[in-house]
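Engineer: Sequence first, predicted coordinates after that:
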Amino acid sequence: MNFDKMRQEKVEEIEKILKRCLPAEEGFQKTVLEAMNYSVLAGGKRLRPMLMQETFRLFGGEGNLVEPFMAAIEMIHTYSLVHDDLPCMDNDEYRRGRKTTHAVYGEGMAVLAGDALLNYAFETACRSFAMAGEEPHLLSRCAKAMSVLARKAGVYGMIGGQTADTQAEELPEEQVTQELLLYIHENKTAALIQSSLMIGAQLAGADDAQLSRLEEIGTRIGLAFQIQDDILDLTSSLEVLGKQTGSDLKNHKVTYVSLNGMERSIEEVRRLSEEAITGLASFSLAGKETVRNEFLEALVEDLITRKK
């Protein structure tokens, strides 16, 4: 398997899906539509829609029912980055190798663009109901997938983690415990990864036990991804990473690396990634032996060696 070639092909496929789903830049609201599209089409790994699509395929999913949710999860992820970059949050000027949304369109329009992307994500995900037609089992899967999307993006998921992260910046370093840090990572970062795996499987017909296992796997992937992000923030550069480095240090953030040290952090990324890959390789479907998606496993493995 040529992983790099396959990943690029899948990124290109996701880009086409996103472009089909994004709004036309017209009308009196044209500026916010331009800001939305600028933000989403800035590039990136497209990790979350890719995880969703590959998990859909792992559980035998066929067709394009998953595509509205793939676009929706990337819109939600992008809105969180637009808001995260604002002067009132991390105050970053570069994202994905170019100027952040607020640096181009202004702070107020960036707030509106983020709000618009969140709302438009659910509008986009709703297209799945029309695609399901009058098939009761498909409609039920779409409804359950929508519930997962809403919860993992909200106060019991990503927003909850972002809240704890924002408040932690005001705490003395000794009060930012390992427990608090893990809560932040499990929600701010891992929640949308959990959502990606769970929605892909849900739409393909996975049962509750399988969804629960995927949620746990998503936690491990999310934690590994965030710890690696913290490592790169200290060891990489703007040219390689595509965004400003040293942001955590600048904002006096306690990270997994600052709390546990570089060596232990690298070991933890490896451990979490291996556990996630083992979990992904152990699913079985009715009437079949263990099913595997080798690209999905390689994608998770790539998280521990990525340089950006």
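Structural biologist: Okay, I see it. Numbering: from 1, shown residues only.
Engineer: residues of the one helix or strand residue 225 maps to that come out buried?
Structural biologist: In this structure, residue 225 sits in helix 208-235 according to DSSP states H and E. For helix 208-235, a neighbour-count test (16 or more other CB atoms under 10 Å) marks 210-211, 213-215, 217-233 as buried. Quick note: C-beta positions are derived from backbone N, CA and C, even for glycine.
Engineer: ok, now stretch 17-36?
Structural biologist: 17-18, 21-23, 32-36.
Engineer: cool, and stretch 166-175?
Structural biologist: Buried residues in stretch 166-175 (16+ other CB under 10 Å): residue 168.
Engineer: what's near enough to touch the closest residue to residue 146 other than its chain neighbours?
Structural biologist: Leaving out its chain neighbours, the residue that sits closest to residue 146 by CB to CB, 6 or more residues apart in numbering is residue 125, at 6.0 Å. Counting by CB atoms under 8 Å, 6 or more residues apart in numbering, residue 125 touches 68-69, 71-72, 145-146, 149.
Engineer: What of residue 296?
Structural biologist: 51, 54-55, 58, 280.
Engineer: which one of those is nearest residue 306?
Structural biologist: Residue 306 lies nearest to residue 51 out of these, by CB to CB, at 14.3 Å.
Engineer: which residues touch the closest one?
Structural biologist: 193, 196-197, 200, 221, 296, 299.
Engineer: most surrounded residue in these?
Structural biologist: Among those, the one with the most neighbours (other CB atoms under 10 Å) is residue 196, at 32 neighbours.
Engineer: what's the helix or strand for that one?
Structural biologist: With DSSP H and E as the criterion, residue 196 is inside helix 190-204.
Engineer: and that helix, what's its mean pLDDT?
Structural biologist: Averaging pLDDT along helix 190-204 gives 98.
Engineer: roughly how far is it from the heart of the chain?
Structural biologist: 10 Å (CA atoms, centre = their mean, to the nearest Å).
Engineer: Could I have the CA atoms of that helix written out in PDB?
Structural biologist: Coordinates of each C-alpha in helix 190-204 appear next as PDB, following Å, rounded to 0.1, in the frame of the first residue of the first chain:
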ATOM      1  CA  ALA A 190     -10.900  13.900  21.000                       C
ATOM      2  CA  ALA A 191     -14.600  14.600  21.000                       C
ATOM      3  CA  LEU A 192     -14.800  15.300  17.200                       C
ATOM      4  CA  ILE A 193     -12.500  12.400  16.500                       C
ATOM      5  CA  GLN A 194     -14.800  10.100  18.500                       C
ATOM      6  CA  SER A 195     -17.700  11.700  16.600                       C
ATOM      7  CA  SER A 196     -16.100  10.900  13.200                       C
ATOM      8  CA  LEU A 197     -15.600   7.200  14.100                       C
ATOM      9  CA  MET A 198     -19.000   6.800  15.700                       C
ATOM     10  CA  ILE A 199     -21.000   8.500  12.900                       C
ATOM     11  CA  GLY A 200     -19.200   6.600  10.200                       C
ATOM     12  CA  ALA A 201     -20.000   3.300  11.900                       C
ATOM     13  CA  GLN A 202     -23.500   4.400  12.900                       C
ATOM     14  CA  LEU A 203     -24.400   5.100   9.300                       C
ATOM     15  CA  ALA A 204     -23.100   1.700   8.200                       C
END
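Engineer: Excluding chain neighbours, give the residue nearest to residue 33 in space.
Structural biologist: With CB to CB, 6+ apart, the residue lying closest to residue 33 is residue 25, at 4.6 Å.
Engineer: How about the contacts made by that neighbour?
Structural biologist: Residue 25 neighbours (CB under 8 Å, 6+ apart): 33-34, 37.
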